[in-house]
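Engineer: Sharing a model prediction with you, sequence too.
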Amino acid sequence: MQAKLRPAPLERRLGSSRWCSVRTVNMTAAIPRAEATSSSTASTCCSTATACPIDFKQVQGCLFDIDGTLCNSDPLHFQAFQEILIAEGFNNGQPIDEHFFRVHISGRHNPEIAADLWPDKPEEWRTDFYMRKEELYRNLAGTSLKPLSGLPDFLAWVDKRGLRRVAVTNAPRANAEMMLGGLGLTPFFEKVVLGEECTRPKPFPDPYLDGLATIGLSGQASKALVLEDSPAGIKAAVAAGIPTIGLTTGQSAEALKAAGAVVVVDDFLEVMALIDAQGCS
């Protein structure tokens, strides 16, 4: 289904003179690629348009993660996991810290998280555990979710250029629908690809391969662009052969680079700065 409805007009708030320093790296993958793709030749910091390995003029479709990409939801997930793990007596009732959350939880698929946290529990118990955690997250999120800085500008750019767009997430359907609805973005995307409905979730490439098929770019991954915030998501996108921008909402730049992001930014204002520098706004 191709989206015909669009979000309310989103005025550009970033002048073409603004320039944000971003970090670029060679594209690598920890999982074998599903298709070949050319490697990028970036080095340390992207200070000119030619240094950026992404040619925004050639992009025909964008694939977006949701959690931590469209909005900074990781703090709420961290709080929900802290509360439910304390209640269940994990780590002798001591709260997990942010490092544990980033390394063992953030961006991963719920069944894998639960299996690692509770290897001795039966599957039925683990399923109930993460379903209760997600309900707690939705209660915490409510109507408090806000778009990441610069997101309205970037979505307006996507809309202006008529690019195909799809959301690709490891989140459960209820979470994805709640977040997109709360951000007013439900009609913006042609499809929401759920990792739990694919043969394999992120960090495997299946969800992003599904997304490429949705936007008519199967076998043309170099013409697509992924926006992601987690190592698992970046590995999935890179394994599908798609150039990927990493957002540092919940992970360090180093972790995103190691996962294979070709550009690392703090928010969408910096993505818009790259686009402006290429004269592609």
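Structural biologist: Everything's here; your move. In this text, all values refer to a predicted model and were calculated from it rather than measured experimentally.
Engineer: how many neighbours does the nearest residue to Q79 once chain neighbours are set aside have?
Structural biologist: Of all residues not flanking Q79 in the chain, L140 sits nearest, at 6.2 Å (Cβ to Cβ, 6 or more residues apart in numbering). To be clear about C-beta, it is placed using only N, CA and C from the backbone, and glycine gets the same treatment. Neighbours of L140 under the rule other Cβ atoms under 10 Å: 15.
Engineer: all numbers from here: first residue = 14
Structural biologist: Renumbered: residue one is now 14, and that last one reads L153.
Engineer: Show me what the one helix or strand L153 maps to is packed against.
Structural biologist: Using DSSP states H and E, L153 falls within helix 136-154. In terms of contacts (3 or more Cβ pairs under 8 Å, 6 or more residues apart in numbering; DSSP states H and E), helix 136-154 is packed against helix 87-100, helix 123-130, helix 186-196.
Engineer: Report the angle between that helix and helix 123-130.
Structural biologist: 110 degrees (axes from the mean of the first three to the mean of the last three Cα atoms, to 10 degrees).
Engineer: Residues touching helix 136-154, excluding its own?
Structural biologist: 86, 89-90, 92-94, 96-97, 101, 123-124, 126-128, 131, 134, 185, 187-188, 191-192, 195 (Cβ atoms under 8 Å, 6 or more residues apart in numbering).
Engineer: Please check the residues you listed and keep the buried ones.
Structural biologist: 86, 89-90, 93-94, 97, 101, 123, 126-127, 131, 185, 188, 191-192, 195 (16 or more other Cβ atoms under 10 Å).
Engineer: State the mean pLDDT of the helix holding L153.
Structural biologist: Averaged across helix 136-154, the pLDDT comes to 95.
Engineer: Show me what the next helix or strand along the chain from it is packed against.
Structural biologist: Next in sequence after helix 136-154, counting helices and strands by DSSP H and E, comes helix 164-173. With contacts defined as 3+ Cβ pairs under 8 Å, 6+ apart, helix 164-173 has these neighbours: helix 281-290.
Engineer: quick one: stretch 259-266 to chain centroid distance?
Structural biologist: Chain-centre distance of stretch 259-266: 10 Å, with Cα atoms, centre = their mean, to the nearest Å.
Engineer: Show me what counts as buried in that stretch.
Structural biologist: For stretch 259-266, by 16+ other Cβ under 10 Å, it's 259-264, 266.
Engineer: do stretch 199-217 as well
Structural biologist: 199, 201-208, 211, 214-217.
Engineer: Ends of that stretch, what's the gap?
Structural biologist: Distance across stretch 199-217, first residue to last, is 25 Å (Cα to Cα, to the nearest Å).
Engineer: for the record, mean pLDDT for that stretch?
Structural biologist: Rounded mean pLDDT across stretch 199-217 is 97.
Engineer: quick one: which of the helices and strands packed on helix 136-154 is nearest C75?
Structural biologist: Closest to C75 of the helices and strands packed on helix 136-154 is helix 186-196 (Cβ to Cβ; 14.9 Å).
Engineer: Show me what that closest one is packed up against.
Structural biologist: helix 136-154, strand 177-182, strand 205-207.
Engineer: Comparing these, which comes out most buried?
Structural biologist: Stretch with highest mean neighbour count among the helices and strands packed on helix 186-196: strand 177-182 (a mean of 26; mean count of other Cβ atoms under 10 Å).
Engineer: quick one: strands adjacent to it?
Structural biologist: Paired strands of strand 177-182, with direction, are strand 74-77 (parallel), strand 205-207 (parallel) (DSSP bridges).
Engineer: could you redo those strands as TSV and give each row distance to G163?
Structural biologist: Output for the strands paired with strand 177-182, formatted as TSV (distance: least, Cβ to Cβ, whole Å):
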stretch	distance to G163
strand 74-77	13
strand 205-207	22
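Engineer: Nearest approach to L164 belongs to which of these?
Structural biologist: Nearest to L164, of the strands paired with strand 177-182 and by Cβ to Cβ, is strand 74-77 at 9.4 Å.
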